[in-house]
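# give the three-dimensional model of this entry:
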Amino acid sequence: MQGYLSLVLHAHLPFVRHPEHDKFLEESWLFEAITETYLPLINVLNGWQRDLLEARLTLSLSPTLCSMLLDPLLCERYARHLDSLIELAEKEVHRTHWDRAYRDLAWMYHQKFTLARETWRCHQGNLISAFKQFQDAGLLEIITTAATHGLLPLMANHPQSIRGQILTARDHYVSCFGRPPRGIWLPECAYLSGVEDFLQEADIRWFILDTHGILHAQPRPRYGTYAPIYTPRGVAAFGRDYDSSRQVWSKHEGYPGDPRYRDFYRDIGFDLDFDYVRPHLPSPDNRGFTGIKYFRITGTGEKKVYQRDHALAAASEHARHFLDERVKQVREIAPLLDRPPIIVAPYDAELFGHWWYEGPEFVDFLVRKLCQEQKDIALITPTEYLKKYPTNQVATPGSSSWGEEGYWRVWLNESNEWIHPHLQIAQERMADLANRFPSAEGLPARALRQAARELLLAQASDWPFILRAKTSSEYARRRVKDHLLRFIALHEQLTLTRIDENWLREVEARDNLFPDIKWQYWR
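Next comes the predicted model:
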């Protein structure tokens, strides 16, 4: 092999669970991702395993996502949601009977939703177990991220919080997959020197940075992003390849913008009679996405009907182009290095299937072409690459993220800066609690564990991101305030008054992730 390609998908969603409501709009974020990304990915992996492909994929599953995928309430609600989608698709088959183009698409959705239900039931609704089986079989390397995807550089003045995020994530990973993680997706690929101290404590061996985080390392990396570097603490950093990123992510050049692909925003939940779609909407009082969409991106002017065969042809063409470009890169770079180069291509997992409907097929086409039609490059995981080539340059990466302008402006700006003074106080109080009650038992221990959960949930990077994007701003604002207020109440009960067990039980039942969390990590 002249070189290697490492495909890395980052699957993360914020912890959204509302048992106090029968149906809650934001829970649909999880349901849509399961139907459109996670189940199709499992089916793709099944195909690779069946056909004995030498495939390797790296997948990060965030602790909050894993917690939701394992939650009995959310799993039950998802099963009902999937039944509702199939029922809606059946209605659409009848409604579009005399319109061939729409009828064929209605049948397509009915078949895809039915396959999703079959896959869900095949794994007894336990997708964590399904992904674990692929890891155990060697097709997949699963890595972790920070416990609630908190932006670690913004906790630099309170290192106990970085430690709590990373060690809690490590522990939760072990409980899910029966082994410690070897790699981590730093939330938003955000790096600041010192983070690797806690990665080393967790025995995590590598992480991924955006391109400029590697290129601005000191000293400058000899091989750029085509080989990892070791930080002075001995943890490896892999850099995102610029060219492979641009071909997928670029607003102007990226594959998902091809007019043959399905349009994300044009959905029957907005187009058809409200009473007709209302039983199947994520919120019964508001229009929203159902997942049934009949139009393609088209470009300017009137939308044209989606043609599935044309879209799949585009996905195959783009997979071929992507592979040809990687082979070209490797042939140009390999003679300049003393080892085969590695091209690291990291993406949000939800891009494939949810935002880019044909994304799972693109990945499938790409891997099959790579395994069967050429011999220049092979798929590899970062862990495997480090085993093959353990000697690498030592350098200190540059502070960076893959967010707007390359650092953390998205998560600290005029729309969300109000969050951080409150977080700072809560973080200091959490450390005080951990120091004051290192060996608590019984009710105080329960309250301390819940205080740690509430702090972690308030630290999630999703809330400032949503506030900046102005999508579900009121919900994000309420979530930050609710978690901080619950933390303040727990702190007061532990230090000034007494613990209200009935109230604590109610809070534990609502924010029920990380059952074995260790508050001592904040000491």
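# distance check, residue 410 against residue 463.
For residue 410, the distance to residue 463 equals 12 Å [CB to CB, to the nearest Å]. In short, each C-beta sits where N, CA and C put it, glycine included.
# so the two - more neighbours on which side?
Using other CB atoms under 10 Å as the criterion, residue 410 and residue 463 rank with residue 463 on top: 26 against 22.
# and the nearest residue to that one once chain neighbours are set aside, what does it touch?
In this structure, residue 463 finds its nearest non-sequential neighbour in residue 476, 4.3 Å apart by CB to CB, 6 or more residues apart in numbering. By CB atoms under 8 Å, 6 or more residues apart in numbering, residue 476 lies in contact with 462-464, 466-467.
# give me the buried positions along the longest helix along the chain.
Of all the segments assigned as helix in the chain under DSSP state H, the longest by residue count is helix 308-333. The neighbour-count check on helix 308-333 (16 or more other CB atoms under 10 Å) flags 311, 314-316, 318-319, 322-323, 326-327, 329-330, 333 as buried.
# contacts only, for the residue nearest to residue 510 when sequence neighbours are not counted.
In space, and not counting its chain neighbours, residue 510 is closest to residue 19: 6.4 Å by CB to CB, 6+ apart. The contact partners of residue 19, by CB under 8 Å, 6+ apart, come to 73, 509-510.
# quickly find the element holding residue 19.
With elements taken from DSSP states H and E, nothing contains residue 19; it lies in neither a helix nor a strand.
# picking up where we left off before, what does the pLDDT read for the residue nearest to residue 463?
Looking at residue 476, its pLDDT stands at 97.
# so which bits of the helix or strand of the chain with the lowest mean pLDDT are buried?
The helix or strand of the chain with the lowest confidence, counting by mean pLDDT, DSSP states H and E, is helix 242-249 at a mean of 91. Neighbour-count burial for helix 242-249, counted by 16+ other CB under 10 Å, picks out 244-245, 247-249.
# how about stretch 268-285?
Using 16+ other CB under 10 Å as the test for burial, stretch 268-285 gives 268-269, 272, 277, 280-282.
# could I get those residues as CSV with secondary structure and pLDDT?
Putting the buried residues of stretch 268-285 into CSV (DSSP: H, G, I helix; E, B strand; the rest coil; pLDDT from 0 to 100) gives the following:
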residue, secondary structure, pLDDT
268, helix, 97
269, helix, 96
272, coil, 96
277, helix, 95
280, helix, 95
281, coil, 94
282, coil, 91
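# what's the farthest-apart pair in those?
Maximum pairwise distance among these (CB to CB): 15.3 Å, between 272 and 282.
# strands along the chain, start to end?
Counting by DSSP state E, the chain forms strands over residues 3-11, 57-61, 140-145, 183-185, 206-209, 229-230, 236-239, 342-348, 377-379, given from the N-terminal end onward.
# partner strands of the first one and their direction?
According to DSSP bridges, strand 3-11 forms sheet pairs with strand 57-61 (parallel), strand 342-348 (parallel), strand 377-379 (parallel).
# return the distance of the longest one from the chain's centre.
Using CA atoms, centre = their mean, to the nearest Å, the distance from the centre of strand 342-348 to the centre of the chain it belongs to is 14 Å.
# state the mean pLDDT of that strand.
This predicted structure assigns strand 342-348 an average pLDDT of 97.
# then stretch 152-159?
For stretch 152-159, the per-residue pLDDT averages 96.
# what of stretch 209-219?
The model assigns stretch 209-219 a mean pLDDT of 96.
# for stretch 187-200, same thing?
Within the predicted structure, the mean pLDDT of stretch 187-200 is 95.
# how near is residue 332 to residue 70?
Here residue 332 is placed at a distance of 45 Å from residue 70 (CB to CB).
# again, but for residue 221
Here the distance between residue 221 and residue 70 works out to 39 Å (CB to CB).
# who has more neighbours, these two?
Between residue 221 and residue 70, residue 221 has the larger neighbour count (other CB under 10 Å), namely 22 against 17.
# pretty sure that one sits against residue 212.
No: contact criterion CB atoms under 8 Å: residue 221 and residue 212 do not qualify, at 11.7 Å.
# follow-up on the earlier one: tabulate the buried residues of helix 242-249 (TSV), appending distance to residue 36.
Conversion of these to TSV gives the following (distance: CB to CB, whole Å):
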residue	distance to residue 36
244	23
245	22
247	22
248	17
249	18
